[in-house]
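Chemist: Next input, structure requested:
(one chain, ligands or ions: 1)
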Amino acid sequence: MSAAPVIDIRGVSTRFGRQVVHDGLDLKIGAGELVAIIGGSGTGKSVLLREIVGLHRPDAGTVKLLGVDVWHAPEAELSAMRRRFGMMFQDGALFSSLTVAANVEVPLRESGLAPESMIAPLVALRLAQAGLPADAGEKMPSQLSGGMRKRAAIARALALEPEVLFLDEPTSGLDPITARAFDGLLRGLCDDLGITVVVVTHDLDTLLTIAKRIVVLGGGRVAGDGTPAQVMASDDPWIREYFSSRKMPAAEVPDGP
Ligand SMILES: Nc1ncnc2c1ncn2[C@@H]1O[C@H](COP(=O)(O)OP(=O)(O)OP(=O)(O)O)[C@@H](O)[C@H]1O
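Modeler: Got it, this is the predicted structure:
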């Protein structure tokens, strides 16, 4: 990793009561990477995302996002940094009483970065980047399919042209065809727009087809880290069991970039 990492996590420890979730966890992610985070249930994947974006304070350690110390920087620095990343949580979390277009407008208006005349064209651009037809903007979230709702959430996460995108289980609840189309969208955001994408997922197809790097959480730390082929070759018992549920011929296992 030549340039400064986009995400730099050092010695992070997280406890809930007597439960130790992270125990001195270190992780660096560079610009333009598409990284999938996996791990058994309760290994702290979602909590780690929340710690990176400033929603949960770790008990120890430092978390830097885009060079900013998420838990110690002054508010002005944090507020500027918040505009440089987007996130999509498991349920998409759209405002149900607003149209899709109005949902995408929220960050544009809140940031004050876009002049009024630019808001409609920017919304149209974000909807197109998320792979939605133009008329999806007029619809209410409840009128969309699950896959389209997730695309709408991506459009909103892209509103401010983020450098980093975080997604928690983006393909959960989608049928396999819609899920693969969603994978293609994520790959395009990374490859075509240069966005660093960090995705927590249990979806083996996502892992094996679009992730350039897989990070495995286990035992409070990073228990595996590498290209899909490297991680699949690991001796770690949990990793072996995880991937044994779906064996792929070696030729099909992508080797990453
Ligand atoms: N606010 C909280 N209060 C107490 N415990 C919490 C809290 N948030 C998370 N935990 C616990 O921390 C552990 C890690 O949670 P996390 O949601 O990060 O798991 P995960 O790795 O994403 O799991 P899964 O794959 O099942 O979604 C879990 O045991 C969870 O119960």
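Chemist: From here on, just use CA atoms for contacts and neighbour counts.
Modeler: OK.
Chemist: Can you tell me how far the closest residue to the ligand within the stretch 1-150 of the chain is from residue 145?
Modeler: The stretch 1-150 of the chain approaches the ligand most closely through residue 44 (3.1 Å), counting by C-alpha to the nearest ligand atom. Distance, residue 44 to residue 145, by C-alpha to C-alpha, to the nearest Å: 30 Å.
Chemist: got it, and residue 220?
Modeler: 37 Å.
Chemist: Also residue 164?
Modeler: For residue 164, the distance to residue 145 - C-alpha to C-alpha - is 26 Å.
Chemist: Counting neighbours, go ahead and name the busier of those two.
Modeler: More neighbours surround residue 164 than the other of residue 164 and residue 145, with 25 against 11 (other C-alpha atoms under 10 Å).
Chemist: so what's that one up against?
Modeler: The contact partners of residue 164, by C-alpha atoms under 8 Å, 6 or more residues apart in numbering, come to 84, 85, 86, 195, 196, 197, 198.
Chemist: how about it, phi and psi?
Modeler: When read as degrees, to the nearest 10, the backbone of residue 164 gives phi -130, psi 140.
Chemist: Contact distance from the ligand - what residues of the stretch 1-150 of the chain qualify?
Modeler: Within the stretch 1-150 of the chain, the positions near the ligand by C-alpha under 6 Å from any ligand atom are 16, 21, 40, 41, 42, 43, 44, 45, 46, 47.
Chemist: Rebuild these as TSV, extending it with pLDDT, secondary structure and neighbour count.
Modeler: Shown next, in TSV, are these (pLDDT from 0 to 100; DSSP: H, G, I helix; E, B strand; the rest coil; neighbours: other C-alpha atoms under 10 Å):
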residue	pLDDT	secondary structure	neighbour count
16	96	strand	8
21	97	strand	22
40	89	coil	15
41	89	coil	11
42	91	coil	11
43	94	coil	19
44	95	coil	21
45	95	helix	23
46	93	helix	20
47	96	helix	18
